[in-house]
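# Turn this into a model:
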Amino acid sequence: MPSTIAFLPQKLKVLHIPLSIYPQLLHPILTLLLVRHSPTLDGDAPFVNVSFTPYECSVICPTELAEEYFADQPYGMKVSPDDYVAIQVDGDDLTSSYISDTGTGDPGRRILGLTTPLALAGVSIFFVTTYYSDYVLVPHALQPLVTEVLARNSFVFETHSGAYIPDPTSPNNVMSGSSSTIREETSDDTLQKKTMARLEEASVVPQVMAQTEMVHVGASTNTLAENPRLAIAVTQTLLRNPPPSLFSITLSPTSPPSLLLPVDILHDFPGDGELYGMADNDEDDRLVPILWDLSSLEPDTPQTGPFSAVLPSSSSAGGTGIVAGVAGRLVEGGCGVLTYLSTARAGVVLVGKVLDLEKATKALGLANGISND
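The predicted structure follows:
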């Protein structure tokens with residue numbers, strides 16, 4: 001199916017919640033996920049992402065719901081001062097426009113095709129891969145710039161659908177394998193070097209969570225409220241003490257809920273009739289996370305004024321070039337199965353356990369290859 005890229009109309013906030021205070025915010029988080037909300041001010045059901053890493057709980061939600069549910073912020077919680085907007089990506093063309101040596105589509109190139117032009121334009125992003133779609137979060141104030149950058153890089157606006165589609169015939173197409181080769185190599189090489197240098201300067205070392213195996217699954221119902229068994233399983237997961245070292249759930253106004261689940265808790269969730277992807281839980285289909293704790297990175301732009309104490313607008317995990325730089329290094333190293341999860345303070349790349357984990361550790365220069373959690 002053709003790929004479409006469209007802005008969701010909601011303004012979003014990104015929240016960083018340290019695990020030490022997470023229990024205090026469990027009720028509003030469950031409410032955010034489980035209650036059937038009326039349409040937001042923008043007219044749609046809310047876009048929500050709740051993710052856990054070993055360092056934090058990260059929440060992305062509409063600005064109005066952040067103000068409603070998280071108005072009384074406990075000490076340590078951080079909220080992005082600026083609003084973000086999500087770009088939803090569906091379809092196959094972005095993947096197939098980059099063809100690997102084996103003649104198959106390369107998901108890693110999909111990430112590069114979306115993020116490289118934005119990184120070169122200085123746009124700070126978050127990237128969330130789900131079972132149904134990819135989402136790129138960009139600052140709302142930069143939406144006109146993002147639109148211009150996408151148009152310059154072969155994303156053609158379809159006025160009848162409000163979506164962008166890639167134009168593979170354009171001479172400026174950074175996702176083409178022919179006329180844009182010089183531009184692509186230069187861009188990728190520059191971003192990789194800058195990203196790796198920035199991470200090294202901040203002493204940010206990738207952590208290969210080799211004992212944590214993950215799968216992407218998608219619900220068969222439009223909301224959690226329509227599937228009580230799934231709602232109970234999600235609630236039980238959020239009630240775990242400690243919570244899973246890695247977990248993510250995404251609610252979208254345009255598709256059913258998607259989850260990124262550790263294999264060791266799959267038994268708590270409904271089977272394949274209610275969650276698509278559960279039957280794909282073979283060794284070959286499992287993903288291993290590689291995590292960067294980005295909390296030590298300085299923001300891309302200095303923050304001053306009344307919001308200087310909250311999460312920087314160019315927050316560490318959404319910093320300019322981080323996603324494209326890391327993805328570029330892994331794709332160059334031969335990784336094909338590649339998905340990405342940005343949280344408020346971390347970046348997580350998930351690679352295929354069987355085909356890509358060894359390639360990824362070598363590409364990242366990890367001396368001992370695969371390490372433990």
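# Need the residue closest to the centroid of the protein.
V128 (1.8 Å; Cα atoms, centre = their mean).
# Quick one: name whatever helix or strand follows the lowest-mean-pLDDT helix or strand in the chain.
Every helix and strand of the chain was ranked by mean pLDDT, DSSP states H and E. The lowest is helix 93-96, at a mean of 37. Counting by DSSP states H and E, the next helix or strand C-terminal to helix 93-96 is helix 107-120.
# CA atoms only: put that next one into CSV for me.
Extracted C-alpha coordinates of helix 107-120, given in CSV (Å, rounded to 0.1, in the frame of the first residue of the first chain):
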residue,chain,number,x,y,z
PRO,A,107,12.8,-0.9,8.0
GLY,A,108,16.0,0.9,9.2
ARG,A,109,16.0,3.0,6.0
ARG,A,110,12.4,4.0,6.8
ILE,A,111,13.6,5.6,10.0
LEU,A,112,16.4,7.3,8.1
GLY,A,113,14.2,8.5,5.3
LEU,A,114,11.9,10.3,7.8
THR,A,115,14.4,11.6,10.3
THR,A,116,17.5,12.6,8.3
PRO,A,117,15.9,15.6,6.4
LEU,A,118,14.4,16.9,9.7
ALA,A,119,17.7,16.5,11.6
LEU,A,120,19.6,18.4,8.8
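# on contacts alone, who are the packing partners of it?
helix 93-96, strand 126-129, strand 134-139, helix 143-152, helix 181-201, helix 322-332, strand 338-342 (3 or more Cβ pairs under 8 Å, 6 or more residues apart in numbering; DSSP states H and E). (C-beta placed from N, C-alpha, C; glycine too.)
# If we use 7 Å, what do you get?
helix 93-96, helix 143-152, helix 181-201, helix 322-332, strand 338-342 (3 or more Cβ pairs under 7 Å, 6 or more residues apart in numbering; DSSP states H and E).
# Can you name the residues in contact with the helix or strand following the last one?
With elements assigned by DSSP H and E, the helix or strand that comes after strand 338-342 is strand 346-352. Applying Cβ atoms under 7 Å, 6 or more residues apart in numbering, the contact partners of strand 346-352 are 53, 55-56, 214, 246, 287-294, 317, 322-323, 326, 330, 335, 337-341, 357, 360.
# which residues touch the very next helix or strand once past strand 346-352?
Using DSSP H and E, the helix or strand that follows strand 346-352 in sequence is helix 357-363. By Cβ under 7 Å, 6+ apart, the residues outside helix 357-363 that reach it are 208, 288, 290, 329-330, 332-335, 351, 369-370.
# let's go with 10 Å and repeat that
192, 206, 208, 210, 286-288, 290, 326, 328-338, 349-352, 356, 366-371 (Cβ atoms under 10 Å, 6 or more residues apart in numbering).
# what sits against Y131?
Taking Cβ under 10 Å, 6+ apart, we find Y131 in contact with 215-219, 250, 255-260, 275-277.
# do that again at 7 Å, thanks
216-218, 258, 276-277.
# That one - nearest residue in space that isn't next to it in sequence?
The shortest distance from Y131 to any non-neighbouring residue, by Cβ to Cβ, 6 or more residues apart in numbering, is to G218 (3.4 Å).
# Contact partners for D44?
Contacts of D44 by Cβ under 7 Å, 6+ apart are 8-10, 253.
# And the residues you listed, which is closest to G113?
L8 (19.6 Å; Cβ to Cβ).
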